[in-house]
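Colleague: make a model of this:
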Amino acid sequence: MNNKDNNKGVSIIMSVFNEEQDLKETIQSVLNQTYRNFEFIIINDKSTDNTQEILSQVANNDKRIKLIENSTNLGLTKSLNKGIDISVYNLTARIDAGDKWESSKLKKQVNFLEQNPEYVIIGTNTIAYNVQTNEERKVLLPEKDSEIRKKMLISSPMVHPSILFLKNAAKRYDETFQTGQDYNLYAEILQIGKAYNIQEFLTYIRTHQNKSISLNKWKQQKIARLKIRYKLFRQNKVPVWYYGKLIPDLLFLIIPNKAKLWKNTVFSFFNLNQMADEKK
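Modeller: Model (predicted):
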């Protein structure tokens, strides 16, 4: 796919719901980008706090900000599609409230896509900040296209708020996915062209590792992951025995309460040990 016509600007899309605490810092990190030719589309998904007042204030100070206010709460996937539908540029970036970009992030990504027309999506390495523990963790992602495709068969190989992709390679998010919409997006995009992750920590995300989620939402995440991995297995024509790798997620759905408890215990153990190693 040729990127030569896609370097005239970037459409940055963010959907927010009751994000008054984290909005200003995120927006400022976008406005501080050294790459200046962009539109910043922000969808307020029927917030009930002071989100809209904050958005109106910042939009008055920068004409690149375009606000959309949903009349009802649509959820993340549909809200992102509303932003894509009105966007004017083919290059599309994502960010979430509470996350931040290093000032050169967009420029480095745009330059890479201009110089490598066979690529259709690019991410970056990430620093994750846990708001519960005040700890930071470096998230190293696979760099090359071949490594990314291999990782795709297991889990998502990119961080959603870091990506820059060609809209005409993906069209829109699949609205049947309330969660995992980014993972599914990558599966679609990688059928069109190549992917790359810049090996620099240009994106900062906030995590809530100790914050529990409802069992229903946890099951939705597992179902979405299963659907996407099954689709990827079929697309890549993996051998029959490889489908056995889906069994752990299937077991989680069959015995969700015990599986979720086991998962959280094991993950907490490895996260604590990983953090200890990073501090040495």
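
Colleague: quick check, central residue of the protein?
Modeller: Central residue of the chain (C-alpha atoms, centre = their mean): His160, 1.2 Å from the mean position.

Colleague: so it makes contact with Gly180?
Modeller: No. At 10.3 Å, His160 and Gly180 do not qualify as touching, with contact defined as C-beta atoms under 8 Å. Bear in mind the C-beta positions are built from the backbone N, C-alpha and C, glycine included.

Colleague: I'd like the distance between Asn116 and Gly193.
Modeller: 10 Å (C-beta to C-beta, to the nearest Å).

Colleague: compare these two (neighbour count), which wins?
Modeller: Gly193 (18 against 14; other C-beta atoms under 10 Å).

Colleague: ok, the residue nearest to that one when sequence neighbours are not counted - contacts?
Modeller: Excluding the flanking residues, the one nearest Gly193 by C-beta to C-beta, 6 or more residues apart in numbering is Val120, at 3.4 Å. If a contact means C-beta atoms under 8 Å, 6 or more residues apart in numbering, then Val120 has 1, 3, 165-166, 169, 189, 192-195 as its contacts.

Colleague: recalculate using a threshold of 7 Å.
Modeller: Counting by C-beta atoms under 7 Å, 6 or more residues apart in numbering, Val120 makes contact with 1, 165-166, 169, 189, 192-194.

Colleague: what's the spacing between it and Lys105?
Modeller: Look at Val120 and Lys105: by C-beta to C-beta, they are 18 Å apart.

Colleague: how far off centre is the longest strand seen in the chain?
Modeller: The residue-count maximum for a strand in the chain (DSSP state E) belongs to strand 194-207. Mean-position distance between strand 194-207 and its chain equals 10 Å (C-alpha atoms, centre = their mean, to the nearest Å).

Colleague: what strands line up against it, and which way round?
Modeller: Pairing partners of strand 194-207, with direction, according to DSSP bridges: strand 100-101 (antiparallel), strand 119-130 (parallel).

Colleague: wait, which of those is closest to Ala59?
Modeller: strand 100-101 (18.8 Å; C-beta to C-beta).

Colleague: return the set of buried residues in whichever helix or strand Ile68 is part of.
Modeller: Per DSSP states H and E, Ile68 falls inside strand 65-69. Residues 65-66, 68 are the ones in strand 65-69 that count as buried (16 or more other C-beta atoms under 10 Å).

Colleague: just those residues now: which is nearest Ala128?
Modeller: Nearest to Ala128, judged by C-beta to C-beta, of the buried residues of strand 65-69 is Ile65 at 26.4 Å.

Colleague: who's in contact with that closest one?
Modeller: By C-beta under 7 Å, 6+ apart, the residues touching Ile65 are 40, 42, 58-59.

Colleague: most neighbours, which of these?
Modeller: Most crowded among these, counting by other C-beta under 10 Å, is Ile42 at 27 neighbours.

Colleague: quick one: low-confidence parts of the chain?
Modeller: Counting by pLDDT under 70, the chain has low-confidence residues at 1-7, 208-215, 256-280.

Colleague: what's opposite the nearest residue to Asp145 once chain neighbours are set aside in the beta bridge?
Modeller: Spatial nearest neighbour of Asp145, excluding adjacent residues (C-beta to C-beta, 6+ apart): Lys194 at 4.2 Å. With DSSP bridges as the criterion, Lys194 is bridged to Tyr119.

Colleague: next, the contact list for Lys194, please.
Modeller: With C-beta under 7 Å, 6+ apart, Lys194 has these contacts: 118-120, 145.
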